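Enquirer: Have a look; sequence and predicted model below, questions after that.
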Amino acid sequence: MNEYKGSLDASGKRFAIVVGRFNETFSQNLLDGAVDCLNRLGGSEEDVEVFWVPGSFEVPHAAMSAAKSGRYDAVICLGVVIRGATAHFDLIAAEAASGISAVARETGVPASFGIVTADTMEQAAERCGAKMGNKGWDAAQAAVEMANLQEAFSDHRAGEELIRATEQGDPGDIS
Ligand code: DLZ
């Protein structure tokens, strides 16, 4: 049995980050978390491009364009949807989720989901850098892992490297 795991090494990988401006203070926190993660995993800021869009509803469109451009190894999608008195919450959250998964499915470029959905501002704050962590950081980490795993499907030698790394220990352990 061969077992593959994408490493948490961002060096040499190019990333697009698409971020919704709505609830901007929180989405800026997600962006900061994602950039911090890429730096800490060995990425270079020269290999990261950030695209701001009006809100989470527009994130899939820009993410699809980024993925189709062929310029990135993965696309990191960020936004903050907070439940209000209208049905917008469910519509926007559902569109963002299905649109982002369509990006990866239709282009083959990994697209990670860093859209925070929260009932209250307090919950949103918790998930954007306070006590529940930073979902932007998590989405960037998932993108790095998937960008590396993706090589196993396209490059036989990279697949063998992954097997070796997996046999030598968990490449996902960065502690
Ligand atoms: C309109 C709207 C509302 C009510 N709430 C949010 C939200 O909580 N989070 C978010 O990212 N965007 C929201 N938007 C904006 C939509 O995503 C979109 O930008 C507009 O409907 C314009 O298409």
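Expert: Nice, I can see it. Being a predicted model, the structure only gives us computed values, none of them experimental.
Enquirer: Going by C-alpha atoms from here, please, whenever you check contacts or count neighbours.
Expert: OK.
Enquirer: if you go through the chain in chain order, where are the helices?
Expert: 24-40, 59-69, 88-107, 121-127, 135-154, 156-167 (DSSP state H).
Enquirer: Comparing the ones you listed, which comes out most buried?
Expert: helix 135-154 (a mean of 22; mean count of other Cα atoms under 10 Å).
Enquirer: related to what we said a few turns ago, worst average pLDDT in the helices of the chain?
Expert: With a mean of 65, helix 156-167 has the lowest mean pLDDT of these.
Enquirer: per-residue pLDDT, the nearest residue to N148 once chain neighbours are set aside?
Expert: Spatial nearest neighbour of N148, excluding adjacent residues (Cα to Cα, 6 or more residues apart in numbering): G6 at 4.7 Å. At G6, the model reports a pLDDT of 94.
Enquirer: Quick check, G6 in contact with F153.
Expert: No: applying Cα atoms under 8 Å as the test, G6 and F153 come out as separate, 11.2 Å apart.
Enquirer: Of the helices of the chain, which is nearest the ligand?
Expert: Closest to the ligand of these, according to Cα to the nearest ligand atom: helix 88-107, at 5.3 Å.
Enquirer: How about residues contacting that closest one?
Expert: When contacts are defined by Cα atoms under 8 Å, 6 or more residues apart in numbering, helix 88-107 is touched by residues 56-61, 63-64, 67-68, 77, 81-83, 109-113, 115, 117.
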